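1. mind looking at a prediction? Sequence and model below.
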Amino acid sequence: MEVITQASESKQLVMAGNSSEHDQKSITKNRYLPLLITNYFCLFLGSVSSTLISKYYFLHKGSSRWVSTWVQSAGFPLLLFPIFLPCYLKCTPRKPFTNFTPKLLILSILIGLMLGINNLLFSWGNSYLPVSTSSLLLSSQLVFNLILSVIIVKQRVTFTNLNCVVLLTLSSVLLALSPAHDRAAGLTRAKYFVGFFSTIGAGLLFALYLPMMEMIYRKVYCFSMVMEMQLVMEVAATVLATVGVVWDGGFRERRVFDKGERVYWVTVVGNVVTWQLCFMGTAGMVFLTSSITGGICMTALLAMNVLGGVLVFGDEFGGVKAVSTVLCGWGFCSYVYGMYVKMKLEIDEKTEPAGNSDHQAMEMVQIVTPVAVDHCVR
């Protein structure tokens, strides 16, 4: 009888753990894939748009690195929609910020400050370096991400993710070596090295940020909690950036923006929205998959940024860029296919062993306590 009670309790725990209300990371066609596709769409739209708008900002005499840092996190109020909308529409009984512990709050603030420093380093590098050099250095975060993921979250190195890392890195190297990208006119050696090491630092910090978030997200059971953590992190990063903006003189550069003050504010607001979509999509990708998947998806978008530059700003598109784009797409598609195969195998493994184990457990209980089983069935 004791065996049956324990088996019943275990079954109830499993059913509770697999409930979509308590675990949105369960791989089901109804919840997992639509949420994953939505987050990647936000990442795709936010990454490409924010890159183009940032380039537009610096091309037309926008020069404040602190403003460029501020816009990357100032859109945190937009996160209130994915946090409160499910509760308002009664899609879930969970209230916002339920089970948001003080430990989780402190971790979110600390990581948010680190993210703010990462944004500042990225802004410094983006303001000094050519697109080619910046792409090469930022692609290095993927290698760092794989190494740190192995150390922090025990990420298993497979042929699929290693092949994708090699192809995406090679794609960025070819892009950086393209003769169409030369050092910008008037860029001194000192400024070049400032941008160089700033971009390297941004890549390292972001490579550290992704596996750290994956480790924390393992204790988070729903997407709303991910957005709540993201909100706190963005608030912390915005406070840091706001201090810098005030110290740097605010938005005074709007007077020298050669497209006019109205276009200046449209550019700033557009950057705020698109950067928020980018970070929201990144957080969702890490929560639903892994840190290495999030890093691969972001690196794959470098080729899309190049295409965006060609279409929007009329940049040249030679043979090297074409090969780089093909390699980038090849690496990303191979990883997506590998992830699909892995997901399918995991679903099969979770389905078949569960049935076999239940059957074996029933046979054992019937052998040990046939009378009790008969009584339980009745």
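-> Arrived safely.
2. separation between L45 and F58?
-> Separation of L45 from F58 (Cβ to Cβ, to the nearest Å) stands at 21 Å. In this view, the C-beta of every residue, glycine as well, is placed from N, C-alpha and C.
3. for the stretch 151-300 of the chain, give me the ranges with low pLDDT.
-> 172, 175-187 (pLDDT under 70).
4. now do the contacts for the most centrally placed residue in the chain.
-> Per Cα atoms, centre = their mean, the C-alpha nearest to the average position across the chain is that of T282, at 1.8 Å. For T282, the residues meeting the contact criterion (Cβ atoms under 8 Å, 6 or more residues apart in numbering) are L43, L210, G294, M298.
5. now it, what's its secondary structure?
-> Classification of T282 by DSSP: H, G, I helix; E, B strand; the rest coil places it in helix.
6. tell me the gap between stretch 337-354 and the middle of its chain.
-> The chain centre lies 23 Å from the centre of stretch 337-354; the measure is Cα atoms, centre = their mean, to the nearest Å.
7. quick one: buried residues of it?
-> G338, M339 (16 or more other Cβ atoms under 10 Å).
8. quick one: mean pLDDT over the helix or strand containing L327.
-> Assessed by DSSP states H and E, L327 sits inside helix 319-368. What helix 319-368 shows for mean pLDDT is 65.
9. mind listing the strands for this structure?
-> Counting by DSSP state E, one finds no strands in the chain.
10. can you pull out the helices in the stretch 101-250 of the chain?
-> Ranges of helices in the stretch 101-250 of the chain, per DSSP state H, counting those that start in this stretch, are 102-128, 131-152, 159-176, 189-217, 223-247.
11. counting contacts, what elements does the shortest one pack onto?
-> This points to helix 159-176. With contacts taken as 3 or more Cβ pairs under 8 Å, 6 or more residues apart in numbering; DSSP states H and E, helix 159-176 sits against helix 131-152, helix 291-313, helix 319-368.
12. please apply the same query to the fourth one.
-> Packed against helix 189-217, as judged by 3+ Cβ pairs under 8 Å, 6+ apart, are the following elements: helix 102-128, helix 131-152, helix 261-288, helix 291-313.
13. mind checking the ones you listed for the one nearest to L167?
-> Taking Cβ to Cβ, helix 291-313 is the member of the helices and strands packed on helix 189-217 nearest to L167, at 9.6 Å.
14. may I see the buried residues of the closest one?
-> Across helix 291-313, burial judged by 16+ other Cβ under 10 Å covers 291-306, 308-309.
15. coming back round to it: can I get the helices and strands packed on helix 189-217 in TSV with distance to L205?
-> Below are those laid out as TSV (distance: least, Cβ to Cβ, whole Å):
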stretch	distance to L205
helix 102-128	4
helix 131-152	9
helix 261-288	14
helix 291-313	13
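16. nearest to P34, of the ones you listed?
-> The closest of the helices and strands packed on helix 189-217 to P34 is helix 261-288. By Cβ to Cβ, the value is 10.7 Å.
17. in the closest one, what counts as buried?
-> Buried, per 16+ other Cβ under 10 Å, within helix 261-288: 264, 267-268, 270-288.
18. now do that helix against helix 291-313, angle only.
-> Computed by axes from the mean of the first three to the mean of the last three Cα atoms, to 10 degrees, the angle separating helix 261-288 from helix 291-313 equals 150 degrees.
19. which one of the helices and strands packed on helix 189-217 lies closest to Q230?
-> helix 261-288 (4.9 Å).
20. ok and the closest one relative to helix 102-128, angle-wise?
-> Here helix 261-288 points in a direction 130 degrees away from that of helix 102-128 (the same axes, to 10 degrees).
21. give me the distance from helix 261-288 to the chain's centre.
-> Helix 261-288 sits 13 Å away from the centroid of its parent chain (Cα atoms, centre = their mean).
22. with stretch 158-170 instead?
-> Chain-centre distance of stretch 158-170: 18 Å, with Cα atoms, centre = their mean.
23. ok, stretch 281-291 next?
-> 5 Å.
24. next: stretch 221-232.
-> Worked out by Cα atoms, centre = their mean, stretch 221-232 lies 13 Å from the chain centre.
25. which residues touch that stretch?
-> Here stretch 221-232 has contacts from 22-25, 35, 76, 79-80, 82-83, 86-87, 92, 94, 96-97, 99-100, 104-105, 108-109, 112, 216-217, 220, 279-280, 283-284, 287-288, using Cβ under 8 Å, 6+ apart.
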